[in-house]
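J.: starting from these lines, generate the structure:
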Amino acid sequence: MLAKQRGEMITLAHLNAVQISDGILRVDRKFHSGMLEYTRGLPEPIVTVNPALEPGQPIMDAVEVPVATLPYEPHAIRSDRGPDHVHPFDRARLKALISGSRLLYGDGLDTATLARESGVPYVLVLEYDRQTHLQIIDAQAHSPLRRWVRRVKHLRRHWQEIRPNVRNAHSVHCNGYPVYEEAAADNPNRLLYFDSRMSERLVISAEALEQRLEQRRPSSLRLLYSGRYERLKGADDAVRVVAGLLREGLDVELDCYGQGGLRGEMQALAGGDRRIRIHDALPYPELVRITQGKDAFLCCHIQNDPSCTYVESMGAGLPIFGYGNRMWQGLQRESQAGECVKVGDVFELSRRVTARVREKSWLEGASRRARAFALEHSFEREFDKRVHALRGALERSGSQRRDGRR
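T.: Numbering: from 1, shown residues only. As a prediction, the model looks like this:
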């Protein structure tokens, strides 16, 4: 474990579930990569607190790392009623970790509330706005009564817990446009960032992109979908769009990579057509290689979540044909790297693909703009921005402590 003194460490709270067993940390690759960046950029030792992995709970892109080799100290905390709340049995342990910290960064497991109780300054990380939370509730609760009960509970938590935590935070780091806009009413000290795994070295080179654009067959399009096979992610609508295009005689194909409960329905919608292929999830580095060989990304996300899919697809130089949820609306407006239609309008999305597949100049321009946007918002640049903001928060907490105000 790391050598540290009380008040000289940073606690990072994250909603990614982890498993620590026999000296091995099993966790999402993206989380581990992010933690390595934080430890390189922040001066104090870092302790992480994550929900403990439930039995049978999958990790889509897992890595296993010996705890003894980690430059950060991970703790698996039992959660209660989901990752937002700490289990009563682990509350005292979690509070002790937070109270011994100079700063708390993150969200989940009641950490902001525990930081306020302990007098520890905290920087919140927010991903979902209120509307997105309600979309998730509506998708998961199958009976109207259950849906109503869960909506009431969340709205009560929103007003009694989430908004007070935002107001009392030193600052708020907002992943994506929807929550950034929502948080403005409660905390003006906000940072907008885009979370992704797209490092600068993984962004397609300008030469490779130009070669792909030059070699593309006229009036053909290789489309990609990657992510969870769930309704809110619009995986089934992606197949509907391409199945319809094939019936119209368009020269398109679709490869899907992911996992989830809609796989069977997606295969049924494909109707056995070999130009629509439903694959299992892949490790991220392999997915990047495959993505760079496609022409465009088909993104039928219904919810407003700040999916890393957007920037990661652009990093392969892929324009995005997508539903106009609040996240893609903002990204499309800023990047000019794709098309945006009303959520759920399969017909209009199909029409846009049909129109653009024949416009060589549009596809080439949108592909170059996608790559440029991904470089501007690469993993390194977004982390540098967040670490710089955290250093400012640490300096302020240090001056308050020296003045005896902590």
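J.: from residue 103, how far off is the residue nearest to residue 106 when sequence neighbours are not counted?
T.: Leaving aside its chain neighbours, residue 106 sits nearest to residue 13 (3.3 Å; criterion: Cβ to Cβ, 6 or more residues apart in numbering). In this view, the C-beta of every residue, glycine as well, is placed from N, C-alpha and C. The span separating residue 13 from residue 103 equals 11 Å under the rule Cβ to Cβ, to the nearest Å.
J.: among those two, which residue is more densely surrounded?
T.: Residue environment comparison for residue 13 versus residue 103 gives the larger neighbour count to residue 13, 29 against 24, counting by other Cβ atoms under 10 Å.
J.: Provide the partner residues of the more buried one in its beta bridges.
T.: Per DSSP bridges, residues listed as beta-bridge partners of residue 13: residue 49, residue 106.
J.: which stretches of the stretch 51-200 of the chain form strands?
T.: Counting by DSSP state E, counting those that start in this stretch, the stretch 51-200 of the chain forms strands over residues 62-66, 73-77, 103-106, 122-126, 171-175, 190-193, given from the N-terminal end onward.
J.: looking at the ones you listed, which is closest to residue 279?
T.: Comparing the strands of the stretch 51-200 of the chain by their distance to residue 279 (Cβ to Cβ), the top pick is strand 62-66, with 18.0 Å.
J.: average model confidence for that closest one?
T.: Strand 62-66 shows a mean pLDDT of 93 in the predicted model.
J.: including distance to residue 226, could the strands of the stretch 51-200 of the chain go into JSON lines?
T.: Formatted as JSON lines, the entries for those read as follows, by distance: least, Cβ to Cβ, whole Å:
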{"stretch": "strand 62-66", "distance to residue 226": "17"}
{"stretch": "strand 73-77", "distance to residue 226": "28"}
{"stretch": "strand 103-106", "distance to residue 226": "26"}
{"stretch": "strand 122-126", "distance to residue 226": "24"}
{"stretch": "strand 171-175", "distance to residue 226": "19"}
{"stretch": "strand 190-193", "distance to residue 226": "21"}
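J.: of all those, which one comes closest to residue 247?
T.: That would be, of these and by Cβ to Cβ, strand 171-175, which comes in at 37.9 Å.
J.: using PDB, list the CA coordinates for that closest one.
T.: Once non-C-alpha atoms are left out, strand 171-175 reads as follows in PDB (Å, rounded to 0.1, in the frame of the first residue of the first chain):
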ATOM      1  CA  SER A 171     -16.300  22.700  -8.600                       C
ATOM      2  CA  VAL A 172     -18.100  20.300 -11.000                       C
ATOM      3  CA  HIS A 173     -16.500  18.400 -13.900                       C
ATOM      4  CA  CYS A 174     -19.200  17.600 -16.400                       C
ATOM      5  CA  ASN A 175     -18.900  14.800 -19.000                       C
END
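J.: and it, what does it pack against?
T.: Contact partners of strand 171-175 among helices and strands, from 3 or more Cβ pairs under 8 Å, 6 or more residues apart in numbering; DSSP states H and E: strand 122-126, helix 177-183, strand 190-193, helix 379-402.
J.: quick one: distance of that strand to the chain centre.
T.: Computed by Cα atoms, centre = their mean, to the nearest Å, the separation of strand 171-175 from the middle of its chain amounts to 13 Å.
J.: likewise for stretch 313-324?
T.: Centre-to-centre, stretch 313-324 and its host chain are 15 Å apart (Cα atoms, centre = their mean).
J.: ok so, going back, out of the helices and strands packed on strand 171-175, which gets nearest to residue 159?
T.: Ranking these by their distance to residue 159 (criterion: Cβ to Cβ) puts helix 177-183 first, at 13.0 Å.
J.: now that closest one: buried residues?
T.: 177, 178, 179, 180, 182, 183 (16 or more other Cβ atoms under 10 Å).
J.: quick one on the thing from earlier: residue 380: which of the strands of the stretch 51-200 of the chain is closest?
T.: Taking Cβ to Cβ, strand 190-193 is the member of the strands of the stretch 51-200 of the chain nearest to residue 380, at 12.3 Å.
J.: name the residues that touch the following helix or strand past that closest one?
T.: Next helix or strand after strand 190-193 toward the C-terminus (DSSP states H and E): helix 206-215. Residues outside helix 206-215 that contact it (Cβ atoms under 8 Å, 6 or more residues apart in numbering) are 204, 292, 293, 295, 317, 363, 364, 367, 368, 371.
J.: which single one of those residues is nearest to residue 26?
T.: Of the contacts of helix 206-215, the one sitting nearest to residue 26 (Cβ to Cβ) turns out to be residue 292, at 28.7 Å.
J.: please list all residues in contact with that closest one.
T.: Residues in contact with residue 292, defined by Cβ under 8 Å, 6+ apart, are 204, 208, 212, 316, 317.
J.: same thing but 10 Å
T.: Contacts for residue 292 (Cβ atoms under 10 Å, 6 or more residues apart in numbering) come out as 202, 203, 204, 205, 208, 209, 212, 315, 316, 317, 318.
J.: and stretch 118-134, what's its mean pLDDT?
T.: Predicted confidence along stretch 118-134 averages 91 (mean pLDDT).
J.: just the helices from the stretch 201-350 of the chain, written as ranges.
T.: The residue ranges that make up the helices of the stretch 201-350 of the chain, judged by DSSP state H, counting those that start in this stretch, are 206-215, 235-247, 263-270, 284-291, 309-315, 326-335, 346-357.
J.: mean confidence (pLDDT) on the fourth one, please.
T.: Mean pLDDT, computed over helix 284-291, is 93.
J.: list the buried residues in it.
T.: 284, 287, 288, 291.
J.: is the third one in contact with residue 294, as I believe?
T.: Right, residue 288. No: Residue 288 is not in contact with residue 294 according to Cβ atoms under 10 Å; the separation is 11.2 Å.
J.: what about the chain, any weak spots by pLDDT?
T.: 1-7, 397-406 (pLDDT under 70).
J.: break it down into its structural domains.
T.: Per automatic domain parsing, the domain ranges recorded for the chain read 10-197+380-402, 206-376.
J.: report the buried members of the contacts of helix 206-215.
T.: Buried among these by 16+ other Cβ under 10 Å: 204, 292, 295, 317, 363, 364, 367, 368, 371.
J.: residue 227: which of the residues you listed is nearest?
T.: With Cβ to Cβ as the yardstick, the closest approach to residue 227 among the buried ones among the contacts of helix 206-215 comes from residue 292, at 17.2 Å.
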